[in-house]
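> Here you go, sequence then predicted model.
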Amino acid sequence: MDFSFGDYSDLPVSRFESMLKTNEIQFFDATEFEEIGQYYIEIANLSMAKKAIELGLSQHPESAELTLLLVEYYILTNIYDEAAVLLENLLSLEPFNEFAHQHMAVILSKRNLHEEAIESLKKGLSYATDKYEFYSLLAMEYLYLDHYFMAKEYFIKCLEEDIRDNHALYNIIYCFESLKDIDGAIAYMNEFLNKDPYNEVAWHQLGRQYIAKKMYDQAITAFDFAIICDEAFIGAYLELGKALEHLGRYNEAINHYEITLGIDDPTAFALLRIGECHLKLGNETLGLKFLKKVIHEDPLLDKSWIALCTYFMEKNAYAKVLHYVRKAVKIDNTHVRYWRFYAQANKALGLLEEANSGYESLVNLGNYEVQTWLDWSSVLLEMQEYDKGIQALLQGLEFHPDNSRLHYMLAGFYMMQAKGNEASFFLKNAYAINPNDLEVFYESFPTSRTAPLVKNTLSLS
């Protein structure tokens, strides 16, 4: 039962508090004690709730409602054993008490006994007149078990009980996505919209599914309907802009992103997308202006730093890349893409020590892509750090044992150290894996074209 906090001046709560002040025991019926206990639970005054419930049970020991309220108090204070004992006693007297089964399920769930919680909820559901709460709890229990199909079915039942339950609607989509059933999600959302055509959340979620299927025209239509239902729906404008971008309609995308700036405070995402669209349209000054505004508004948004660095890398403006990536690394020195830009820009500028440091950081952060090892080894080759180069390449082979270029590079490094047996071994491996990469080997180690070791090794392959 729900109560507004202003309803109690002449009702049980004020009488109860007056009784506590005067220390005079007064009689309240069980319903009044239930109202008092519920009120204190709602305002999170649990000590007063306990006093009221225990006093109520002393006057009305047979009250199932007060027993359940005490169980609720125990659950809120994590006293599960006492709560379970009360429920077991209550269920032995009232096996058809739906709320006792529901509370027992909550305790079982908190103990991570989700299968048992489901069984308890199903028992309660069979006696329940209002089924919504049971559907919702069952859906969540199945989610805990990653049983997305069953969770979806119960969330759908929630929505059938309350068509405006957007929480259930979001969870239904989450379940479809977890099941990788985009077609099912689209079919369900279209069916649901036949029942509730003015549900902006449903249109928005339908549009997202269309984007996942690369059905951009249909997505745009869905987002348009979401905006018709709610003209201030920022998420729909943003998603609509993304769909328009996919179709190359950048000016229209910008217009929709700009609408969001007038609805609420500018979001870094909208500013970023506007900047990216201007760059794609060739409006470089405007594009850079927006990207710089993003890093001022939200320096933690990595996509803005990446967009700036990518732009200047494509322009071969490596000093600019370093300018921005150094700032980015100060904010987050664990971001792999930042260190890749740092390493690549330094390498392009001939700053080999810094490039070496960048590639070393990449590997230390767990970036084990083949290209990382190859780029790093080429820097070490220029630095004539042959031992370090061999060490790095051997480490790379642990992750990519069948990559011919790593074998070729190792052969070259061992040749630079005049270690013929090792060089021949890795050259033979490399050629066996992919003879077409031999030209890349010659480009990295020009003297190898005429080296007797190479001719002899290849003649035996």
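Thanks, I have it.
> in the host helix or strand of F290, what's buried?
Element membership for F290, per DSSP states H and E: helix 284-297. Applying a neighbour-count criterion of 16 or more other CB atoms under 10 Å, the buried positions in helix 284-297 are 286-288, 290-291, 293-295. Bear in mind the C-beta positions are built from the backbone N, C-alpha and C, glycine included.
> what helices or strands is the helix or strand following that helix leaning on?
Note on helix 284-297: by DSSP H and E, the next helix or strand toward the C-terminus is helix 302-314. Contact here means 3 or more CB pairs under 8 Å, 6 or more residues apart in numbering; DSSP states H and E; on that basis helix 302-314 packs against helix 268-280, helix 284-297, helix 318-331, helix 336-348.
> quick one, phi/psi of L301?
Note on L301: backbone dihedrals following degrees, to the nearest 10 are phi -80, psi 100.
> residues contacting it?
268-269, 272, 294-295 (CB atoms under 8 Å, 6 or more residues apart in numbering).
> That one and Y257, how far apart?
15 Å (CB to CB, to the nearest Å).
> Pull the most distant pair out of the buried residues of helix 284-297.
L286 and I295 (15.8 Å; CB to CB).
> do you know how far the most centrally placed residue in the chain is from A236?
With distances taken as CA atoms, centre = their mean, Y174 lies nearest the centre of the chain, 11.6 Å away. Plainly put, Y174 is 19 Å away from A236 if you go by CB to CB.
> got it, and K21?
Taking CB to CB, one finds K21 at 55 Å from A236.
> In terms of helices and strands, where is the nearest residue to G396 once chain neighbours are set aside?
In space, G396 comes closest to W373 once its chain neighbours are excluded; the distance is 3.2 Å by CB to CB, 6 or more residues apart in numbering. Using DSSP H and E, W373 sits in helix 370-382.
> and the angle from the next helix or strand after that helix to helix 370-382?
Sequence-wise, the next helix or strand downstream of helix 370-382 (DSSP H and E) is helix 386-399. Calculated by axes from the mean of the first three to the mean of the last three CA atoms, to 10 degrees, helix 386-399 forms an angle of 170 degrees with helix 370-382.
> Quick one: mean pLDDT over helix 386-399.
Mean per-residue pLDDT for helix 386-399: 96.
> what's in contact with that helix?
Contacts of helix 386-399 (CB under 8 Å, 6+ apart): 363, 368, 370, 372-374, 376-377, 380-381, 403, 406-407, 409-410, 413-414, 416-417.
> Would you mind confirming that L362 is in contact with H335?
No: counting by CB atoms under 8 Å, L362 does not reach H335; the two are 10.5 Å apart.
> Mind checking which of these two has more residues around it?
L362 (23 against 17; other CB atoms under 10 Å).
> Helix or strand: which one has the more buried one?
helix 352-364.
> residues touching the residue nearest to M48 when sequence neighbours are not counted, list them.
Nearest non-adjacent residue to M48, counting by CB to CB, 6+ apart: Y40, 4.3 Å away. The contact partners of Y40, by CB under 8 Å, 6+ apart, come to 46, 48-49, 52.
> Any stretches of this protein with poor pLDDT?
For the chain, residues meeting the criterion pLDDT under 70 lie at 1-10, 461.
> okay, now the domains of it?
1-77, 372-379+388-461 (automatic domain parsing).
> Switch those domains over to TSV; also include distance to I331.
What follows is the domains of the chain, written out as TSV (distance: least, CB to CB, whole Å):
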stretch	distance to I331
domain 1-77	38
domain 372-379+388-461	22
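> Please identify the most buried of these.
Of the domains of the chain, the one with the most neighbours on average (mean count of other CB atoms under 10 Å) is domain 372-379+388-461, at a mean of 18.
> pretty sure Y431 contacts L458?
Yes: counting by CB under 8 Å, Y431 touches L458, with 6.2 Å between them.
> State the distance from the closest residue to N403 other than its chain neighbours to S361.
Once flanking residues are discounted, N403 sits nearest to V370: 5.4 Å by CB to CB, 6+ apart. Using CB to CB, V370 is found at 18 Å from S361.
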